[in-house]
Each structure stands twice: as structure tokens, then as C-alpha cells.
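In: quick one: sequence plus predicted model below, questions after.
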Amino acid sequence: MDNTWFLAALWTGLALVATLLAIWFRVSTALSEIVVGTVAQLIVVVLIGGTGLGAQTPWIGFLAGTGAIVLTFLAGAEIDPAVFRVKWKEATVVGLVSFIAPFLGSAAVAYYLLGWAPMAAWLAGVALSTTSVAVVYAVMLELGFNTTDYGKVILAACFITDLGTVIALGIIFAPFTVRTLVFVALSLAIFVVLPFVTPGVFRRYGGRVSEFETKFLLLALFAMGGLALWADSEPVLPAYIIGMVLAGTVGKDHALIRRLRTLTFGLLTPFYFLRAGSLVSVPALVAAPGTLVVLFFAKMVSKLAGVFPSVRIFGHREGADVYYTLMMSTGLTFGTISALFGLSHGVITPAQYSQLVAAVIGSAVIPTMIANAWFMPRHLLPNPAEIGEPAGAAARPSGAPTS
């Protein structure tokens with residue numbers, strides 16, 4: 001479809017349909033958008049042909065990428081530094097186990113059971129080791145867990161897991177270079193300077209209709225994202241750390257957070273989640289459904305076997321342990337990024353790519369649905385009055401309307 005505005009209307013309409021389905025079936029909007037993206041892509045290809053929804057169109061890729069970056073930034077900004085200082089041992093242990101167990105388990109299954117080549121098997125291990133900050137944050141936000149210590153430590157553990165994924169991807173497939181050193185050095189300088197500069201700049205120029213704060217933050221996110229890409233890293237990684245270092249400034253400005261959420265959930269993330277779903281090739285999955293099932297269970301079994309005991313070590317009980325484990329079993333952003341990296345560098349075939357992405361997306365949908373349906377620790381939900389929500393809003397199941 002060459003008409004940009006018709007294409008934008010199509011994607012916006014799909015986002016609206018996904019939102020209505022999420023409300024009617026009481027599921028997360030993010031998950032609904034993924035499923036709608038997959039189904040819509042299949043229908044459009046069958047009826048019209050061509051590239052379907054046009055997921056590879058540059059401006060759609062930009063909006064989707066921006067959605068991932070800003071959503072990841074918000075997840076980092078929601079982490080309370082005081083909570084992280086107290087819970088850093090738990091976040092580190094759970095996050096590392098959440099990475100190592102599925103990384104080794106999935107790679108072994110891909111190599112020994114599916115007969116994949118060694119490098120393709122390692123790539124599968126990397127792609128299936130991830131935990132989706134985007135999905136977890138969206139679910140935490142809809143339920144109100146983002147304001148609790150329980151939700152914040154889960155988000156911190158997600159970051160540790162994805163940090164392990166990025167490092168493994170770099171060590172195994174993209175050796176560190178001078179650019180990596182430049183990226184690390186400049187990043188450290190920016191992360192140190194930003195918390196000191198931002199509060200003063202916001203006091204001097206913020207609070208105006210021109211939205212200086214939003215433009216300032218987007219400048220930092222885009223610049224660091226560009227630097228990460230130049231160094232063969234991933235733009236969403238610095239976004240998360242920028243969010244963390246500014247948690248004491250941006251995270252406490254509730255009005256700014258609400259404006260950023262409006263921008264992110266109203267415009268950006270629908271493109272991100274719909275595009276993720278549209279990348280799944282249903283015909284490739286139908287041709288080899290067994291491989292998809294094996295990859296999915298390789299991730300789930302190894303995640304559950306590793307994360308559940310480590311979560312219980314830190315005292316989580318009464319459903320909070322199972323919910324925590326299932327949230328850590330989700331995957332999306334770094335999983336699809338890793339799979340796309342493997343495809344573009346010839347490590348895996350197009351069929352293996354579709355199977356990996358489908359397994360990753362399945363891990364975004366199924367554990368979240370099970371967790372919210374049967375294992376939600378309602379006793380840990382915040383009091384709506386404490387977070388400024390109308391009565392009953394925080395206890396509303398994921399995907400339920402917020403107003």
C-alpha cells in the first residue's frame with residue numbers, strides 16, 4: 001500500500017480493534033495487539049497479497065522502534081532507586097538465573113533435539129533467554145504493580161536478564177571492537193552527567209506548553225540509541241539505563257510520566273506490538289509445527305526450573321512466586337531482535353527465524369495469560385487511593401478499561 005495515510009489508518013484501526021478485544025476479553029492490550037497483528041497480516045496477504053501490512057515500511061519501523069525505546073525508558077524510570085538498593089541481590093540473582101537457564105537449555109535442545117547447526121543453536125539460546133521488559137512493564141502498569149516494591153524488583157530483574165542477553169549476543173556473534181569501547185565510555189559519562197543536569201534544566205525551562213521536558217528526553221534517547229546502533233549494540237539498552245538514572249527526577253514527576261504514557265500507549269506501542277505479531281509467518285509454522293512447540297517448551301521448562309526456586313529463596317509465596325516466575329518467562333523485544341540479527345547475518349534460515357520469533361511471541365502471550373488468570377497475587381495489589389486511581393482501578397484485571 002503506497003498511500004501513507006491509508007496505511008496509517010489501517011494500523012490505527014487495528015490498534016483500536018486490539019484495544020476493544022482486550023477490554024471485552026479482559027486480557028492485556030499488548031498481547032491483544034500482538035495477536036491482532038499476526039491474524040491481520042495473514043488475512044491481508046491472503047486477500048490482497050504483496051507484503052501484507054507493510055511492516056518493513058521505514059516509518060512504521062521507526063514508530064515501532066521509538067515505541068520500544070520510550071516504553072523501555074519508562075520501565076527504567078519506574079524503578080525506585082531506594083527499592084533497588086535494598087533489593088539488588090534479589091534482582092541480580094533472579095535476573096542472572098532467568099538468563100543462564102534458558103540460554104543453556106534452549107541451545108542444548110536446538111542442537112541435540114532439533115539438529116540445528118552449533119551457531120544457530122547458540123542463537124536460539126540467546127533469543128529464548130530473554131525476558132520482555134515491554135510486556136512486563138505494560139502488564140505491571142495496567143494492574144498497578146509498577147508502584148509496588150514487588151513490581152519494581154521484577155522490572156529490575158528483567159533488566160539484568162536482558163543485559164545478559166545483549167552481552168552474550170555481543171560475545172558470541174559480534175566481537176567487541178573499538179566502537180564498543182567508545183560506546184561504553186560515552187555512555188558512562190552520559191549516565192553520570194544526566195542526573196545532575198536534568199533537574200536544573202527542567203526547573204529552568206520546563207512546565208510550558210512547548211513540552212521542553214519531552215523533547216529533552218527524546219533527544220537523549222535518540223542520541224544514545226544512535227550511538228548504540230553505531231557500536232553494533234541495541235538502542236533499547238541505554239534507554240533502560242537512562243530511565244533508571246533519571247528515576248529520581250522523571251519518575252517522581254507524575255504529570256510528566258502521564259504525558260509520556262499518553263504518547264507511548266496512544267501512538268507508539270501499538271505499532272511496536274502489531275509489527276511484532278505481523279512478523280510471524282503462519283505458513284512457515286504450519287509447515288513445521290513441532291519445531292515451534294519444542295522451542296517454546298525448551299524456553300518455558302528451563303525458565304520455570306531456574307527462576308521458580310530462586311524466587312522462593314527470597315521469600316515469595318502465596319502465588320507471588322508463580323506470578324513472578326511467569327512474568328520472567330515472557331519474551332519479545334530482545335528475543336525478536338536476536339532472531340532478526342541471526343537472520344540478517346546468515347546464522348539461521350528464514351524458516352528458523354519464523355519458528356524462533358513465533359516461540360518468542362508465544363512466550364509473550366501464554367505465560368502472561370496464565371499468570372493473570374490464575375496466579376495474580378491480589379494481596380500485593382496497591383490500594384487505589386495510594387496511587388491516585390479511582391476505586392477498583394488497580395485491582396482490575398489486565399487489559400480492563402482504565403476509565
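Out: Arrived safely. Residues are numbered from 1 along each chain as shown.
In: contacting residues for residue 332?
Out: 34, 130, 132, 134-135, 276, 360-361, 363-364 (CB atoms under 8 Å, 6 or more residues apart in numbering). Every residue, glycine included, has its C-beta placed from N, CA and C.
In: farthest pair within those?
Out: 34 and 130 (15.1 Å; CB to CB).
In: looking at the two, which one has more neighbours?
Out: Shown here are residue 34 and residue 130; by other CB atoms under 10 Å, residue 130 has more neighbours (30 against 27).
In: which SS class is the more buried one?
Out: Put simply, residue 130 is coil when judged by DSSP: H, G, I helix; E, B strand; the rest coil.
In: give me the pLDDT for it.
Out: Predicted confidence (pLDDT) for residue 130: 88.
In: what's the local residue count around residue 43?
Out: The number of residues near residue 43, taken as other CB under 10 Å, comes to 12.
In: and the nearest residue to residue 313 once chain neighbours are set aside, what does it touch?
Out: Spatially, and ignoring its direct neighbours in sequence, residue 313 is nearest to residue 93 (7.4 Å; CB to CB, 6 or more residues apart in numbering). By CB under 8 Å, 6+ apart, residue 93 lies in contact with 310, 313-314.
In: and residue 93, what pLDDT?
Out: For residue 93, the predicted pLDDT is 95.
In: one more: residue 110?
Out: Here, the pLDDT recorded for residue 110 equals 95.
In: hang on, it packs against residue 119?
Out: No - in terms of CB atoms under 8 Å, residue 110 does not count as a neighbour of residue 119; the distance is 10.5 Å.
In: which one's more surrounded, these two?
Out: For the pair residue 110 and residue 119, the greater number of neighbours falls to residue 110 (29 against 16), based on other CB under 10 Å.
In: if you count neighbours, what's buried in the helix or strand residue 259 falls within?
Out: Assigned by DSSP states H and E, residue 259 falls within helix 254-263. Buried residues in helix 254-263, counting neighbours by 16 or more other CB atoms under 10 Å, are found at 256-257, 260, 263.
In: can you give me how far that helix is from the chain middle?
Out: Distance, stretch centre to chain centre, for helix 254-263: 19 Å (CA atoms, centre = their mean, to the nearest Å).
In: so what touches it?
Out: By CB under 8 Å, 6+ apart, helix 254-263 touches 70, 74, 77, 141, 211, 213-214, 217, 250-251, 388.
In: ok, stretch 167-179 next?
Out: 99, 103, 119, 122-123, 125-126, 129, 180, 230-233, 338, 341-342, 345, 347.
In: what's the distance between residue 251 and residue 242?
Out: Using CB to CB, to the nearest Å, one gets 12 Å for the distance from residue 251 to residue 242.
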